[in-house]
Structures are given as C-alpha cells and as structure tokens.
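Q: Compute the structure for the input listed below.
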Amino acid sequence: MTDAEQPLDLVPLPGSERPDRPGFQAHGGLAPDSRVDATLVLRRREPLPESAFAQPLSREELAERYGAAPDDVSLVRDTLQGLGLTIDEVDAGARRVRVSGPVQTMARVFGTDLAQSTRDDAGDDAPTYRQRTGGLSIPAALDGVVTAVLGLDDRPQARAQFRYVPAAAVSTSYTPPELGRVYEFPEGTDGSGQTIAIIELGGGYVQSDLDTYFAGLGIPTPSVTAVGVDGGSNAPEGNPNGADGEVMLDIEVAGALAPGANIVVYFAPNTDAGFLDAVSTAAHADPTPAAISISWGQSEDQWTAQARTAFDQALQDAAALGVTTTAAAGDDGSSDRVGDGRPHVDFPASSPHALACGGTRLEADGDTGTVHSETVWNNGTGGGATGGGVSAVFPLPSWQKGVGVPSGADGTDAGGTANGPGGRGVPDVSAVADPQTGYQVRVDGQDTVIGGTSAVAPLWAALVARIVQSTGKPLGLAQPALYDAVPAGTVADGFRDITTGDNGAYRAAPGWDACTGLGVPNGTSLLSAL
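A: Numbers count the residues shown, from 1 in each chain. Just a heads-up that it's a prediction; the model follows:
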C-alpha cells in the first residue's frame, strides 16, 4: 500500500455539511490530477468581544490579539504540506490559509468526494463546476484549529441583488445626485479622503463607460481601482443584464454620491471561498475603507454553517477595524426565492455585523428632492420585492431588542406572531430599489435603469463615507448608534419612516419593520444624530 493509499486519521469538521443545491446535477468524476484550491479558516487566539466594536483597532492590534496564533499557522502548514498539499498564501491577521493540490489529494485530506457538476438546464457549452455533498473531515492534528474549509465545491454561492428593466418600461427614474437631494446627504461632503470597497463576484467595468457616465452628470470621474482576489479580475462580459450591470451600478451609485472617495473594486470567484476572501482582503486593506458595499447574497439556509460563521467573523473583523459593511437584503420578498412557502432572509445581510439594506418605491421630484410618496417595494410575483424578515441562525442583537422584531415568521402584522425563537431582524435601513422608480446608469455602452437592493448598499456606503469624512472618525458597526434604544413604533433620529406596503409575509408599520427597517435616511439629520 502506497503512502497515498494509507488511511488518514481524520475527524469530522463541524458545520461543513453541504445543503442540497437544487438546479445542479453531478455527472462523473474529475481528472485525478486537476488542481483544486481551498481556503482554510483558523481559530482566533481569543474570542473577539463586543467591546472591540466600540473603539476601532489597528490592523496590527487585531492580528496580534484576535488573529491566528503563530503555532496554529505552523501546525497547519506542516501538517498539510506533509500530506502533499501546497500552501499558497497565509494571512495570520485574517486567519486564512490558501491551499491547493490535485483533486485526489484534496479529497483524501478533507474526507470528501468531488464530482463534476452542471446546471440542470445547461447547454453543451455551459460551464462545469466541482460539487460535493455531505460533510468534510480534517486531519485529527488540526481538530479545533481549522474551523472552516471553503471552496472545494465551487458552484455559484451568491446571486447579484439587482433588477434590470428596459429604460422605455420605466415610469420614473433618478440619477444618484438626485437621490442625494431626496435623502438629504450632508452638504459640504463628497467622501474625500475615504475609501469605499465594493465586492463583485463576476463581470466588470469599462473605463470609457464610467468617463461618459460621470461626464453626463457633470462630475469628474472618481478614482476606481480593480483588485483581483483568488484569480478573479475585472472581466466585462458585454451583457448589461448580467454581472456587468451589478458592477457598473455599484460603482456609479457610490461614485456619484461620494465622488471624492477612492473606490476599490474587489473581484473574486463566485464561491464561498472567493466571497469570504474578497471581504476579508477589503477589510484588512491599507488604507482601511470607511465602508464595504456588498450587493451579492443568497438565502442563509443555502450556506454551510461553517461558511456563515467564517463570513460573519470576517464582518466582525471589518467592524473592529472601523469599517461599516452595507449589504443588500434581497430582491425576492420575504421568501428570498426559497420555494417552501415560508419566510427566509438573505445572507450576508442577515449577519448582525452587516448593515442590511432594504428597498422602497419612490415618487419624488429629483430637482428639488421633494418626496411625493415612498412605500415598500413590492411589484408582485416575479416583479421583485424587498427582502426582509427574521434570521433563523443569528440571535437577536442587543441593540435590536426594543424595536419589535417578530419572534416568529407568521407575518400577520409588523410584530409577527410568537411561533418560534426570535432572531436578528432584517433589514436595518432602506432607500429606493424599485426598478420602476430606479437608478439611471450606464452599462456596456447603454444608458439604462436598474433597481434592486443592490443599489441601496452602495448608496448607504457613500453616505457612510460622507459621514466619516465629516466626523473624522470611523463609523464601524453602525447599528448600536442607529438604533440607540429606539422603542418599538418610534422613528429613529436621522430617518424618515416608511409605513405603507408589504414584502409578502411582513407589512410596514410605524418604527422598525421587516420591510424597510428603520426607514430611509435623512443624511443631514443622521450626521447630527451621530
């Protein structure tokens, strides 16, 4: 028996069980020598306390106190190299180790089978993926040291939360500067001196489109830089209804509302490993961004528990460093496109360390900023609606305990019915997302209108950058300050309440609700409140 055939001493990796992924089918094995990459997440030296979010840490402090211990890094390196894997990258501060090896070795070391996979409805030229089922194992020597192994299954993990409609079908639309007037972004600020990080899992941007777009707004083109993570890159597809639409929407909204900020776009593969690595790379970057904007997500029950935990910990790192992460709450109402008839929320928006961004329908005068009406975005079956509801995996945060988050998911009223343990309420904040009253953008040479909660995340990221510019201090985990002991049914300082409409299982009501959260911003008042 060769060394490669000797049985390894493996132990199960908690939380690694892969949920069923409808819409894909396995059809045969992978070439034994094909290369596979994965990201390992290591335990912290010590738990990160809630108090760490009150006063931002430096990258060095975070790494020294809450990163991976040198002995743990050495143990992982020596163990996996001894089993035939290659260590490609180590980031002890972010507790990540990138490894690679031939598929047969990776499958053996992590106790799984990897198969070739395609979408059920795929054509002959469709992309293929790696697929795994069940749980993973790790070498016994690493038990408790390695907390997640991500990327072995590289089927798409998330979807872009935007809605594209032909411009001719739109009744009302706005430029981002017009929305800056509607939401009263603080005057005398433009994000100068700040960085906004944008996470993208596909597509790309064309500089000439950005130059044309911003020239049309009378705004100098902001500084936009692309950063590749795990082999990702700025790769425009030429399809405005595809990932390019997401990328351009994010850049143009953030850039038009915070034109003085530096915008750094992180491109990564659409896998759990790529998504995590992009967010972690952005959070630990120098300079530290004021905000990270995330417009991609997936129902929280379509993630492995290990991936959710690792991702949430990356968002904790960001918050401890003073970064505010804005995340789209989803575009498919309270079901989040899960077909079991029950409410679901989207992740990473459901993380208590992300500022979850819901959506509205807006009728306003863009020239003056006068609002005629603003209601919950819900265009009915197939037309899109704001996500929102109650997390099934993250408990109710302390700062949300007084606002009336439903304890169950019955949805008979804004307060719900107590039919289960309470969880984190989604969203926290909102802005316009209805594509019928959407954002004027330029994608792949076309002027068009796009909506979705994916537009709300960069809008809020731009507002955060302007607030940080004005106050001179990071906002970090914003929710404790935004909620600030707001009683149920009460409008929080700095917000305009949305009280009309529903997203399926939940209805809007005075104060916080599971459709639009605390409401939409009055940026000037919010700055004063903070």
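Q: my guess is V403 meets P510, correct?
A: No - assessed by C-beta atoms under 8 Å, V403 is found out of contact with P510, at 11.0 Å. For the C-beta atoms, the positions are set from N, CA and C on the backbone; glycine is no exception.
Q: P480 and W399, how far apart?
A: To W399, P480 is 5 Å away according to C-beta to C-beta, to the nearest Å.
Q: more neighbours, the two?
A: Neighbours per residue (other C-beta atoms under 10 Å) separate P480 from W399, with W399 holding more: 19 against 16.
Q: Next, that one: secondary structure please.
A: helix (DSSP: H, G, I helix; E, B strand; the rest coil).
Q: Quick check, it in contact with A478.
A: No - here W399 does not reach A478: they are 10.0 Å apart, not a contact under C-beta under 8 Å.
Q: host element of the spatially closest residue to T86 that is not a sequence neighbour?
A: Nearest in space to T86, with sequence neighbours left out and distances taken as C-beta to C-beta, 6 or more residues apart in numbering, is S100 at 5.0 Å. Using DSSP states H and E, S100 falls within strand 96-102.
Q: Show me how far that strand is from its chain's centre.
A: 24 Å (C-alpha atoms, centre = their mean, to the nearest Å).
Q: Could you spell out the sheet neighbours of that strand, each with its direction?
A: strand 35-42 (antiparallel), strand 86-91 (antiparallel) (DSSP bridges).
Q: Go through these and pick out the most buried.
A: Ranked by mean neighbour count, these are led by strand 35-42 with a mean of 23 (mean count of other C-beta atoms under 10 Å).
Q: now it, how far from the centre of its chain.
A: On the basis of C-alpha atoms, centre = their mean, strand 35-42 sits 20 Å off its chain's mean C-alpha point.
Q: same question, stretch 455-466
A: Using C-alpha atoms, centre = their mean, the offset of stretch 455-466 from its chain centre is 13 Å.
Q: give me every residue that touches T471.
A: 527, 530 (C-beta atoms under 8 Å, 6 or more residues apart in numbering).
Q: pLDDT below threshold where in the protein?
A: For the chain, the stretches flagged by pLDDT under 70 are 1-5, 166-169, 408-421.
Q: center of it - which residue?
A: I294 (3.8 Å; C-alpha atoms, centre = their mean).
Q: which non-adjacent residue is nearest that residue?
A: A327 (4.4 Å).
Q: The helix or strand that contains E363 pairs with which strands, and in what direction?
A: Here E363, judged by DSSP H and E, is contained in strand 355-364. If you go by DSSP bridges, strand 355-364 pairs up with strand 324-328 (parallel), strand 371-376 (antiparallel), strand 429-432 (parallel).
Q: Helices along this structure, start to end?
A: Assigned by DSSP state H, the helices in the chain fall at 59-66, 70-82, 103-109, 176-182, 207-217, 243-257, 272-283, 305-320, 453-471, 479-483, 523-529.
Q: roughly how far apart are the spatially closest residue to S454 that is not a sequence neighbour and H344?
A: The spatially closest residue to S454, leaving aside those adjacent along the chain, is S295, at 3.3 Å (C-beta to C-beta, 6+ apart). For S295, the distance to H344 (C-beta to C-beta) stands at 18 Å.
Q: who has more neighbours, these two?
A: Shown here are S295 and H344; by other C-beta under 10 Å, S295 has more neighbours (30 against 26).
Q: Tell me how many other residues crowd D124.
A: 5.
Q: Contact partners for the residue lying closest to G297 once chain neighbours are set aside?
A: Residue nearest to G297 in three dimensions, not counting chain neighbours: D346, with 4.3 Å by C-beta to C-beta, 6+ apart. Neighbouring residues of D346 by C-beta under 8 Å, 6+ apart: 161, 297-300, 328-330, 336, 387, 426.
Q: partners of the residue nearest to I294 in the sheet?
A: Note on A327: beta-bridge partners by DSSP bridges are I294, A356.
Q: List the contacts of it.
A: 294-295, 297, 348-349, 351, 354-357, 457.
Q: ok, it to F311 distance?
A: 11 Å.
Q: what touches both of these two?
A: Common neighbours of A327 and F311 (C-beta under 8 Å, 6+ apart) are 348, 351.
Q: picking up where we left off before, and of the helices of the chain, who's closest to Q25?
A: Minimum separation from Q25 across the helices of the chain (C-beta to C-beta) falls at helix 103-109, 18.8 Å.
Q: what comes into contact with the closest one?
A: By C-beta under 8 Å, 6+ apart, helix 103-109 touches 4, 8, 30-36, 38, 80, 83-85, 99-101, 113-114, 130, 138-139, 152.
Q: looking at the helices of the chain, which is closest to G494?
A: Using C-beta to C-beta, the nearest of those to G494 is helix 523-529, at 3.0 Å.
Q: Which positions in that closest one come out as buried?
A: For helix 523-529, a neighbour-count test (16 or more other C-beta atoms under 10 Å) marks 523, 526-527 as buried.
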